[in-house]
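Peer 1: build me a structure from this.
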Amino acid sequence: MKKIHLDISFVLNEESVKNTLSLAYPFLSNGLRLKHEAKLIEALEGIELADNESINNLTEYCLKLVKSKTVQYGPKQAKLLERTQDFILNLFNDWCRFKNINRKLNLIKLKEKLSDRLCTLEELQHLFHADTAVEEA
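Peer 2: All right, here's what the predicted structure looks like:
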């Protein structure tokens, strides 16, 4: 059998990475918001509100959450959030592999951002810039 030498080259389109992140970001932010609100309601339900002082100390936002109690964060929402985070992590791994960038150091930063409910789309996109990533030696 004869061996054939094959060279493969590629061009990574940075705009498609940005577009993919912008499509996934609403799912991520909504999932993190629901998770946070569900934890907040759970904690507030544990507080006894028989005391007028306790009620006065709660913020308006917390009172609305306690009154509405419509936040539904169940296994379905948790799974969707986990899948979205995994999708972004896989995208980042592939991006780093193609750019020859050290994934280990940058993956830690990305995992922190993905679990932070205050993370913005711009911060996520900033992690996908080769200038900010540490290149492999």
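Peer 1: give me the below-cutoff pLDDT ranges for this structure.
Peer 2: Across the chain, the ranges flagged by pLDDT under 70 are 45-59, 61-71, 130-137.
Peer 1: just the buried positions in stretch 73-88, please.
Peer 2: 73, 77, 81, 84-85, 88 (16 or more other C-beta atoms under 10 Å). Just so you know, the C-beta spots here come from the backbone N, C-alpha and C atoms, and that holds for glycine as well.
Peer 1: in helices, which of those appear?
Peer 2: Taking DSSP state H as the definition of helices, the buried residues of stretch 73-88 contribute 77, 81, 84-85, 88.
Peer 1: quick one on the thing from earlier: in the buried residues of stretch 73-88, find the pair that's most separated.
Peer 2: Y73 and I88 (19.7 Å; C-beta to C-beta).
Peer 1: which elements pack onto the top helix by length along the chain?
Peer 2: When the chain is parsed with DSSP H, its longest helix is helix 14-46. On a contact count with 3 or more C-beta pairs under 8 Å, 6 or more residues apart in numbering; DSSP states H and E, helix 14-46 meets helix 60-68, helix 75-99, helix 121-127.
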